[in-house]
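Chemist: From the sequence below, what's the structure:
(one chain, ligands or ions: 1)
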Amino acid sequence: MEHYQLFINNQWVDPNSGRWFDSLDPFTGEPWAKIPEGDSTDVNRAVEAAAAAFEGPWAALSPTERGAILYKMGTLIERDAQRIADAESRDNGKVMSEVFGQVKYTAKYFYYYGGLADKIHGSVVPMDKPKVFNMIRYEPMGVVASITPWNSSLLLSAWKIAPALAAGNTIVCKPSEFTSVSLYELAKLAEEAGMPPGVFNVISGFGADVGEPLIRHPKVARIAFTGGDEAGRRVYMTAAENFKRVSLELGGKSPNIVFDDADLEKAANGVITGIFSAGGQTCMAGSRLLLQESIHDEFVERLLAIARKAKAGDPSDKSTEVGPIATRPQFEKIMKYIDIAKSEGARCVAGGRALTGAGYGCGQFVEPTIFVDVTNDMRIAQEEVFGPVLSVLKFKDEADALRIANDTRFGLAAGVWTRSLHRTMFMTERLRAGTVWVNNYRSTSFTTPFGGYKDSGVGREGGMDSIKEYMEAKSVWISTDLDMPNPFVRKY
Ligand code: NAD
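Modeler: The predicted model follows:
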């Protein structure tokens, strides 16, 4: 059994509560790691340490030196990718073939933002007034709080840690209570990379005990949250009480739209990847498939042929394609949505059951599930399931596809499959989503922003511009004419 401590000010310390909780392996159902249960006292210690580091050792380094430490962290993540991937997979059940690549890719966020640290230029502004010089400086905000969910604990934290630290901030990370281990493993690497004390801190625990006190702490300037919209709304409202800067990456019900002129083989692979990778437990899952009427039956047959071959089982086995659902409550939620879809009149043509018995560990598996005859007013088409459940809807033409695709409170992502330039431009201009993929799905990169329209969130992560979301712009006015007129001497 692994045993962890909190990471505060580069020290491994016991939680104030004196309590630890178990992290369960979703495949075996057995506890495999002891996670420290943080509380507001621990939060206070971590934020004070981060605030001191912000004014002290971190500020004393040049942006180039800070970037070098981040770059070094990237190299260490690559070196230890297998060990971290093992831990992440034991925490969230993600299959090794996927999680190993994801951990390796996490390193690139540290390379990219490490490299960017000394390239954030201010500017000199041409003024409309005489004898004055104006410049814009970009300055770090202070202590950042990172709060993340269980589906991609390390990667989604890196989306926040790397730009926040590159911008000159310090950070306190609160990973999901279900998947804390990879952040503690990252803390070991931060230490090894030469991160000064207090710059990077990790406090595990529950939303109410650690997340809320972090958001409320007067010395936390900026909150970077990824998670569900219920917690996200609460985070936003709490943060608003003190006008804190916030970014929210929330849920989705993303449409994957296949036109009749698409390369159907590629589209079928893209649709399957979009919904069944990570067991559908991704914010960007393409959970609504919109099919043009004329290709509906043929395309569904293609999907069934691929879905039937998926190999479910032990996620640590490199040949496994479908892993267990990450948590027992999530497994139960998915099964409930399958019942809801059936009761609404959707027709289940693949899956629909839990997988139990030999090879399926504690039985926390859901078969890749496909529902046809779905209409967009059904709950299965409107609510985020966060599981391997695909809803198939029909459309007539571009306008119809667009109407259905945008008829959702979410706006995280969308996919379009077509060979037509006209359709590509028509759809990409009008889809109300933060990411639109054409003839591909589920690609992400540190080089380009990711985030949501509508209820899918606030702000963007990734790309050069997103680093400014961790900075304040300061407008500096310097008079070149020292003769300041007396305001009380009227000229009229
Ligand atoms: P969740 O909202 O339950 O929890 C997310 C984090 O918030 C956890 O660390 C949790 O402890 C914390 N938290 C909960 N209540 C809190 C509170 N009141 N104050 C502060 N912190 C609090 O989400 P989850 O179940 O862990 O993850 C699944 C959700 O995350 C899905 O809705 C999914 O769409 C979303 N998600 C979004 C993205 C994205 O980039 N848009 C990526 C991955 C997951």
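
Chemist: Name the SS class of the closest residue to the ligand within the stretch 51-200 of the chain, please.
Modeler: Ranked by C-beta to the nearest ligand atom, the top residue of the stretch 51-200 of the chain for proximity to the ligand is Pro149, at 2.9 Å. Where C-beta positions appear, they are placed from N, C-alpha and C, glycine not excepted. Classification of Pro149 by DSSP: H, G, I helix; E, B strand; the rest coil places it in coil.

Chemist: center of the protein, which residue is that?
Modeler: Nearest to the geometric centre of the chain sits Leu156, at 4.2 Å (C-alpha atoms, centre = their mean).

Chemist: Just give the nearest non-adjacent residue to the residue of the stretch 51-200 of the chain closest to the ligand, would you?
Modeler: Gly227 (4.5 Å; C-beta to C-beta, 6 or more residues apart in numbering).

Chemist: Likewise for Leu154?
Modeler: For Leu154, the spatially nearest residue (C-beta to C-beta, 6+ apart) is Ser182, at 4.0 Å.

Chemist: Show the backbone phi and psi for that neighbour.
Modeler: Main-chain dihedrals, Ser182, degrees, to the nearest 10: phi -60, psi -30.

Chemist: what's the burial count for it?
Modeler: 27 (other C-beta atoms under 10 Å).

Chemist: now swap in Leu189 and tell me
Modeler: 20.

Chemist: One more: Lys396?
Modeler: Number of residues near Lys396 (other C-beta under 10 Å) recorded here: 12.

Chemist: Next: the one 10 residues further on.
Modeler: Neighbours of Asn406 under the rule other C-beta under 10 Å: 16.

Chemist: Same check on Glu332?
Modeler: Applying other C-beta under 10 Å, we find 13 other residues in the vicinity of Glu332.

Chemist: what does the host helix or strand of it rub up against?
Modeler: Under the criterion of DSSP states H and E, Glu332 resides in helix 328-344. Helix 328-344 has contacts (C-beta atoms under 8 Å, 6 or more residues apart in numbering) with 24, 281, 324-325, 348, 352, 354, 364, 366, 369, 371, 374, 378-380, 383, 385-389, 391.

Chemist: quick one: is it near the ligand?
Modeler: No: Helix 328-344 does not reach the ligand (C-beta under 6 Å from any ligand atom); its nearest approach is 7.1 Å.

Chemist: Point out where the stretch 351-492 of the chain drops to low pLDDT.
Modeler: Applying pLDDT under 70 to the stretch 351-492 of the chain flags residues 490-492.

Chemist: what's the residue of the stretch 51-200 of the chain closest to the ligand in contact with, if anything?
Modeler: With C-beta under 8 Å, 6+ apart, Pro149 has these contacts: 156, 176, 226-228.

Chemist: restrict those to those near the ligand?
Modeler: Within the contacts of Pro149, those near the ligand by C-beta under 6 Å from any ligand atom are 156, 176, 226-228.

Chemist: Residue numbers of the stretch 51-200 of the chain in contact with the ligand?
Modeler: Contact residues, the stretch 51-200 of the chain versus the ligand (C-beta under 6 Å from any ligand atom): 147-151, 156, 174, 176-177.

Chemist: So which of those is the closest to Gly451?
Modeler: Among these, Leu156 lies closest to Gly451 (C-beta to C-beta), at 12.2 Å.

Chemist: so the closest one touches Phe225, yeah?
Modeler: No: the criterion here is C-beta atoms under 8 Å, and Leu156 misses it with Phe225 at 10.0 Å.

Chemist: what sits in contact with each of those two?
Modeler: Residues touching both Leu156 and Phe225 (C-beta under 8 Å, 6+ apart): 148, 249.

Chemist: Just to be sure, His121 is in a strand?
Modeler: No: secondary structure of His121 (three-state DSSP): coil, not part of a strand.

Chemist: who does the host helix or strand of Leu402 touch, helix- and strand-wise?
Modeler: Using DSSP H and E, Leu402 sits in helix 398-406. Contact here means 3 or more C-beta pairs under 8 Å, 6 or more residues apart in numbering; DSSP states H and E; on that basis helix 398-406 packs against strand 255-258, strand 288-292, strand 389-395, helix 421-430.

Chemist: show me what contacts Gln364?
Modeler: 26-27, 29, 93, 324-325, 328, 331, 354.

Chemist: for the helix holding Leu402, which positions count as buried?
Modeler: Neighbour-count burial for helix 398-406 flags 398, 401-402, 404-406 (criterion: 16 or more other C-beta atoms under 10 Å).

Chemist: Can you give me the domain assignment for this protein?
Modeler: Per the record, the chain has its domains at 2-250+456-476, 255-438, by automatic domain parsing.

Chemist: related to what we said a few turns ago, so which of the helices and strands packed on helix 398-406 is the most surrounded?
Modeler: strand 255-258 (a mean of 28; mean count of other C-beta atoms under 10 Å).

Chemist: Tell me the strands beside it, with direction?
Modeler: strand 288-292 (parallel), strand 413-417 (parallel) (DSSP bridges).

Chemist: Would you mind listing the buried residues in the lengthiest helix in the chain?
Modeler: When the chain is parsed with DSSP state H, its longest helix is helix 96-116. By 16+ other C-beta under 10 Å, the buried positions in helix 96-116 come out as 96, 98-100, 102-103, 105-114, 116.

Chemist: Test my guess that Val258 contacts Ala267.
Modeler: Yes: in this structure Val258 lies within contact range of Ala267 using C-beta under 8 Å: 4.9 Å.

Chemist: which residues do those two both contact?
Modeler: 299, 417.

Chemist: re the thing from before, of the contacts of Gln364, which belong to helices?
Modeler: Those of the contacts of Gln364 lying in helices (DSSP H): 328, 331.

Chemist: Touching the helix or strand just after the helix holding Glu332 from outside, list them.
Modeler: Later in the chain than helix 328-344, the nearest helix or strand by DSSP H and E is strand 347-350. By C-beta under 8 Å, 6+ apart, the list of residues contacting strand 347-350 from outside reads 300, 303-304, 307-308, 338, 341-342, 367-373.
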